[in-house]
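Trainee: show me the folded form of this:
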Amino acid sequence: MEKTITKLDALPKLAKKPRVAAYARVSSGKDAMLHSLSTQVEHYKKMILENNEWEFAGVYADKALTGTKDSREEFQQLLADCRAGFVDTIITKSISRFARNTVTLLETVRELKSLGIDVFFEEQDIHSISGEGEMILTFLATFAQEESRSTSENMKWRIKKDFEQGIMWGGKSCLGYKLENKRYVLVPEEAKIVKTIYQLYLNGNGDEQICKLLNAMDIPPINGTKWHWSTIRNILTNYNYTGDLILQKTYQENHLTKKKRMNNGEYDQYLIKDDHEPIISKETYHKAQRIRKQRLNKIDSKPVIRKHAFSGMLKCGVCGRNYSHKSTPYNDIWKCSYALKRGVEACHSKQVPTKMLIEASNHILSRQGFDEDFFKSKVDFILVMPNRRFVFQMKDGTSEEYIWKEKSRSESWTSEMRDQARIKELNRLKGGVHHG
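Mentor: Numbering: from 1, shown residues only. You can find the predicted model right below:
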């Protein structure tokens, strides 16, 4: 019997609309800048939704202090969504809004290009996926980076000259003072609270106890509804309350990272005596510092480790989400909450053993033993980056990096874990023996 073959034509493929997302960023938290960010978000949302040939994939927006990709949560989320296959095209205002660092820009654009994702820079009218796109981007990004460096150097020179004349740069109002024309002006009602805090501390009360007493007395803080121990600590270590002013206590690392560092002799400092009206005497201030040092030394001698000491302190450097605690039969680890929920396809961040966090923390804080209270008094949060890198964001605004080495399972086992494994193996062998 002869076979009959009939050709069935394939169904015509429907044209797929490109999924278009936009990225916006402002480099300051000022109200005007935030308004600008809101305007950008609305602009891009309208632009994409009104184009019938596009599918809206979202607008990602950051309020950032730097142009590096590591510190921007929304930017990291955009990259994660690109890797997950949710975005085909990205629209952004300019190269400087996307990344001021040439290396960061090219690394990101190349990764996106490998995923088939185009980045369109409006001001420069460049598509990154085009043949000449990378060459032009390299040139323009290098130019923008050099312009940023030149502006930074000019600003540093101007700030230094003002410091030499006793003129403050930066600074902000604090409890007891308001900042007017770069000068601290006393606020009498608030100054009374500062005096009360110092008196309570000298009388033997700790930071937490002072919080409870102030809350019980219905004395409100400047921000929020309840006092926090970190606010008390900042007040008790603020030399400005003596009436003197120290200029250049911190400095900016460089024009790319813009990380704030404590000035430990790298640059000149300037002491302005009797700059403003004091709230406490120098004797009171120094007495408070001696007490604090004595208490920290006592903490040193009694290290404490709690199981969840790092809760709320770890942020994913890939997607920006918090890390969650997880116990396994062989280890105590922390893992990105998004990766736990959606899998490695959503976020390719690395899990971290608690032991490594303790080791890194002790190294960064120059401690022999780990103490949760001391750790939280110094560290704001830890950014867990790829390639086994931690970035410690400190309470004083500085940041420190640590590269950790992953130990083998045998190295990480405790004697108790070894005993349990040995017993388990013996029981397994016994179960396999039959008497007949």
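
Trainee: count of neighbours near residue 105?
Mentor: Using other CB atoms under 10 Å, residue 105 has 27 neighbouring residues. C-beta: built from backbone N, CA, C; applies to glycine.

Trainee: can you read off the pLDDT for it?
Mentor: On the pLDDT scale, residue 105 is placed at 76.

Trainee: below-threshold pLDDT in the stretch 51-200 of the chain: ranges please.
Mentor: Across the stretch 51-200 of the chain, the stretches falling below the confidence threshold (pLDDT under 70) are 64-71, 100-103, 131, 133-173.

Trainee: in it, which spans are helices?
Mentor: Residue ranges of the helices in the stretch 51-200 of the chain, as given by DSSP state H, counting those that start in this stretch, are 73-83, 95-98, 102-114, 133-164, 188-202.

Trainee: for residue 318, which residues are in contact?
Mentor: With contact taken as CB atoms under 8 Å, 6 or more residues apart in numbering, residue 318 is in contact with 76, 79-80, 336, 347-349, 386.

Trainee: so which of those is the most crowded?
Mentor: The member of the contacts of residue 318 that has the most neighbours, counting by other CB under 10 Å, is residue 336 with 28 neighbours.

Trainee: sketch out the low-pLDDT regions of the stretch 251-400 of the chain for me.
Mentor: Counting by pLDDT under 70, the stretch 251-400 of the chain has low-confidence residues at 251-271, 298-307, 329-330.

Trainee: what about the strands in it?
Mentor: Counting by DSSP state E, counting those that start in this stretch, the stretch 251-400 of the chain has these strands, from start to end: 260-262, 270-272, 314-316, 323-327, 332-336, 352-353, 379-385, 389-394, 399-403.

Trainee: highest mean neighbour count out of those strands?
Mentor: strand 314-316 (a mean of 22; mean count of other CB atoms under 10 Å).

Trainee: which helices and strands sit right next to that strand?
Mentor: The helices and strands touching strand 314-316, judged by 3 or more CB pairs under 8 Å, 6 or more residues apart in numbering; DSSP states H and E, are strand 323-327, helix 337-342, strand 379-385.

Trainee: got the phi/psi numbers for residue 347?
Mentor: phi -150, psi 120 (degrees, to the nearest 10).

Trainee: please tell me how far it sits from residue 332.
Mentor: From residue 347 over to residue 332 the distance is 21 Å, taken as CB to CB, to the nearest Å.

Trainee: over to residue 95?
Mentor: Going from residue 95 to residue 332 by CB to CB gives 44 Å.

Trainee: just the CA atoms of stretch 229-249, as PDB, please.
Mentor: The C-alpha trace of stretch 229-249 is given here as PDB (Å, rounded to 0.1, in the frame of the first residue of the first chain):
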ATOM      1  CA  TRP A 229      20.300  53.300  71.200                       C
ATOM      2  CA  SER A 230      22.200  54.400  68.100                       C
ATOM      3  CA  THR A 231      20.900  58.000  68.400                       C
ATOM      4  CA  ILE A 232      22.000  58.100  72.000                       C
ATOM      5  CA  ARG A 233      25.400  56.700  71.100                       C
ATOM      6  CA  ASN A 234      25.800  59.400  68.400                       C
ATOM      7  CA  ILE A 235      24.900  62.200  70.900                       C
ATOM      8  CA  LEU A 236      27.300  60.900  73.500                       C
ATOM      9  CA  THR A 237      30.200  60.800  71.000                       C
ATOM     10  CA  ASN A 238      29.500  64.100  69.300                       C
ATOM     11  CA  TYR A 239      32.400  66.500  70.100                       C
ATOM     12  CA  ASN A 240      30.400  69.500  68.700                       C
ATOM     13  CA  TYR A 241      28.500  69.700  72.000                       C
ATOM     14  CA  THR A 242      31.600  71.200  73.600                       C
ATOM     15  CA  GLY A 243      31.400  74.300  71.500                       C
ATOM     16  CA  ASP A 244      34.500  73.400  69.500                       C
ATOM     17  CA  LEU A 245      34.400  72.200  65.900                       C
ATOM     18  CA  ILE A 246      36.700  69.700  64.200                       C
ATOM     19  CA  LEU A 247      36.700  70.000  60.400                       C
ATOM     20  CA  GLN A 248      37.500  67.200  57.900                       C
ATOM     21  CA  LYS A 249      36.800  64.300  60.300                       C
END
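
Trainee: list the buried residues for that stretch?
Mentor: Judged by neighbour count using 16 or more other CB atoms under 10 Å, the buried positions of stretch 229-249 are 229, 231-233, 235-236, 238, 240-245, 247-248.

Trainee: just the residues you listed: which are in helices?
Mentor: Per DSSP state H, helices hold the following members of the buried residues of stretch 229-249: 229, 231-233, 235-236.

Trainee: related to what we said a few turns ago, of the helices and strands packed on strand 314-316, give the one that comes closest to residue 130.
Mentor: Distances from residue 130 to each of the helices and strands packed on strand 314-316 were compared using CB to CB; the shortest belongs to strand 379-385, at 31.1 Å.
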